[in-house]
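Student: Compute the structure for the input listed below.
(one chain, ligands or ions: 1)
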Amino acid sequence: MSTRLTIVVGVTGGIAAYKAVGVIRALVLEGHSVHVVATDAALRFVGKPTLEAISRNPVATDLYEGVAEVRHVAIGQSADLIVIAPATANTIAKLAAGLADDLLGNTVLASTAPLVIAPAMHTEMWRNPATVANIATLRKRGVTIVGPAVGQLTGADSGPGRMVEPQAIVVAALSTVGRRVSELPVSDAPGARQDLEGRRILITAGGTREPLDPVRFLGNRSSGRQGVALATAALARGATVTLLAAHLDVEPPTDVEVHEVGTARELESAVKDASASADVIIMAAAVADYRPLEVREKKIKKSKSGERLVLELEQNPDILAGLAASKRPDQIVVGFAAETEADPSALIEVGREKLARKGCDYLVLNHVGWSEGFATERNEVVMLRSGGDIVMEAFGSKLSVANRILDIIASR
Ligand code: C5P
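Tutor: Have a look, this model is predicted:
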């Protein structure tokens with residue numbers, strides 16, 4: 001088997017279909033070739049263009065398309081792995097019976113690849129004897145069943161039936177073919193990492209914006225991807241997560257409590273409100289060090305005579321330093337530092353100096369440049385602990401980097 005796997009992701013028609021996008025995305029970011037087979041019902045929940053854009057391949061739905069290339073068997077035959085997420089009660093029943101009345105059924109029957117399914121349905125449907133028997137049948141046939149998780153369902157009810165979070169599905173699916181998610185430790189085996197269960201984690205993410213006038217601001221290029229990846233990973237490991245979101249380019253996970261903030265001072269007051277109840281505070285946001293001294297009521301006009309415009313800036317409070325100085329001994333405070341030093345030892349020196357100055361427990365350091373660090377899918381970091389020792393170095397997707405950071409925190 002080559003390192004790049006051909007993976008078929010079956011998407012069926014449950015509300016959790018929107019989370020299938022996360023599964024597809026993670027598999028693509030791991031470097032695999034992903035082919036989505038969606039049922040008609042799935043496409044009522046999530047659009048074909050989304051699935052095509054995220055999987056970077058055409059999406060197959062219709063049994064009667066591509067008949068000349070015998071597509072109904074070709075897709076299954078080419079697969080190294082099939083993942084169905086979400087798997088509805090209806091699809092589970094069809095799989096148990098070996099039905100082939102749609103493209104997904106044909107694909108599964110025509111394949112000898114390992115099959116991994118992530119059930120998602122209401123608790124009553126999951127506990128129904130028909131579903132229980134179907135799941136038992138599939139298990140006996142060697143199908144890997146991931147979840148469902150226990151938690152809030154689509155309506156007001158909660159119980160077993162939630163689809164497991166995308167990252168855990170990916171970890172479970174890849175482990176059936178002897179693969180690990182890049183750079184994640186073996187403890188990522190499904191269900192093994194609830195090591196943040198009961199912990200409350202406060203994460204700041206994105207970039208603050210300091211207004212100059214009603215239409216302009218001073219900002220930075222942070223996309224919030226690393227902070228959102230931390231929130232996603234912490235949630236998957238059982239934590240309760242609050243995200244203070246200064247402008248984000250990406251959607252945070254739905255189960256995270258999100259508070260949007262604009263300026264550094266708004267972030268400071270949100271951190272003050274939320275930090276008392278947090279066990280861990282991770283300051284991944286890029287916070288403006290300076291703000292305009294004056295915020296104009298009206299849009300600043302261009303000078304007709306070509307004169308320069310001089311802006312006066314004043315310093316913002318250093319939220320991280322303030323927090324580190326006033327934290328409880330049982331709280332862990334993690335800062336981030338994005339620096340432009342290209343030389344690794346100079347970068348670490350800058351990090352050590354910053355860690356000492358800010359007084360936090362850990363500092364996650366990364367190199368940024370015109371095309372590195374910000375708004376990219378991958379990251380390379382060094383994590384220092386108070387005193388300056390290097391405790392971790394990681395390179396990979398922002399999600400895998402997030403998990404490595406959380407490994408250090410969880411080990412405390
Ligand atoms: O000083 P620098 O901006 O490089 O520090 C980065 C770290 O400090 C990040 O964790 C960031 O969230 C935090 N920070 C802060 N308040 C500021 C500036 C940065 O909390 N005014």
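
Student: rest of the way, CA atoms for contacts and neighbours
Tutor: Noted.

Student: Give me the buried positions along stretch 360-370.
Tutor: 360, 361, 362, 363, 364, 365, 366, 367, 368 (16 or more other C-alpha atoms under 10 Å).

Student: Check stretch 42-53 too.
Tutor: Residues 42, 43, 46, 48, 51, 52 are the ones in stretch 42-53 that count as buried (16+ other C-alpha under 10 Å).

Student: Secondary structure, pLDDT and distance to residue 107 added to these, as CSV?
Tutor: Compiled in CSV, the buried residues of stretch 42-53 are given as follows (DSSP: H, G, I helix; E, B strand; the rest coil; pLDDT from 0 to 100; distance: C-alpha to C-alpha, whole Å):
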residue, secondary structure, pLDDT, distance to residue 107
42, helix, 96, 16
43, helix, 96, 18
46, coil, 95, 21
48, helix, 95, 18
51, helix, 96, 18
52, helix, 94, 18
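
Student: With respect to the ligand, which of those residues is nearest?
Tutor: For those, the closest approach to the ligand (C-alpha to the nearest ligand atom) belongs to residue 51, at 33.8 Å.

Student: who in the stretch 251-400 of the chain is up against the ligand?
Tutor: Neighbours of the ligand within the stretch 251-400 of the chain, by C-alpha under 6 Å from any ligand atom: 283-289, 316-320, 335-337.

Student: which SSE is the residue located most distally from the centre of the chain in?
Tutor: Within the chain, the residue lying farthest from the chain centre (C-alpha atoms, centre = their mean) is residue 305, at 50.1 Å. Per DSSP states H and E, residue 305 falls between elements, in no helix or strand.

Student: Would you mind giving both backbone torsions of it?
Tutor: phi -90, psi 10 (degrees, to the nearest 10).

Student: again with residue 320
Tutor: In terms of degrees, to the nearest 10, the main-chain angles of residue 320 are phi -60, psi -50.

Student: Pretty sure it sits against residue 284.
Tutor: No: contact between residue 320 and residue 284 fails when scored by C-alpha atoms under 8 Å: they sit 10.2 Å apart.

Student: list residues touching both of these two?
Tutor: Common neighbours of residue 320 and residue 284 (criterion: C-alpha atoms under 8 Å, 6 or more residues apart in numbering): residue 335.

Student: Enumerate the helices of the protein by residue range, in sequence order.
Tutor: Assigned by DSSP state H, the helices in the chain fall at 17-29, 48-55, 71-78, 89-97, 103-109, 123-127, 129-140, 166-175, 225-236, 264-275, 319-326, 344-358, 398-411.

Student: right, so those helices: which one is the most enclosed?
Tutor: Comparing the helices of the chain by mean neighbour count (mean count of other C-alpha atoms under 10 Å), helix 225-236 ranks first with a mean of 26.

Student: Show me what it is packed against.
Tutor: helix 166-175, strand 200-205, strand 240-246, helix 398-411 (3 or more C-alpha pairs under 8 Å, 6 or more residues apart in numbering; DSSP states H and E).

Student: Residues contacting stretch 40-56, please?
Tutor: With contacts defined as C-alpha under 8 Å, 6+ apart, stretch 40-56 is touched by 11-15, 17-18, 21, 24-25, 28, 33-36, 58-59, 61.

Student: Intersect those with the contacts of the ligand.
Tutor: Subset of the contacts of stretch 40-56 in contact with the ligand: empty, counting by C-alpha under 6 Å from any ligand atom.

Student: just to revisit the earlier point, may I see the helices and strands packed on helix 225-236 arranged in JSON lines, with mean pLDDT as well?
Tutor: Compiled in JSON lines, the helices and strands packed on helix 225-236 are given as follows (pLDDT from 0 to 100):
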{"stretch": "helix 166-175", "mean pLDDT": "87"}
{"stretch": "strand 200-205", "mean pLDDT": "98"}
{"stretch": "strand 240-246", "mean pLDDT": "98"}
{"stretch": "helix 398-411", "mean pLDDT": "90"}
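
Student: so what's residue 314 up against?
Tutor: Residue 314 touches 290, 291, 292, 293, counting by C-alpha under 8 Å, 6+ apart.

Student: Out of those, the closest to the ligand would be?
Tutor: Closest approach between these and the ligand, by C-alpha to the nearest ligand atom: residue 290, at 7.5 Å.
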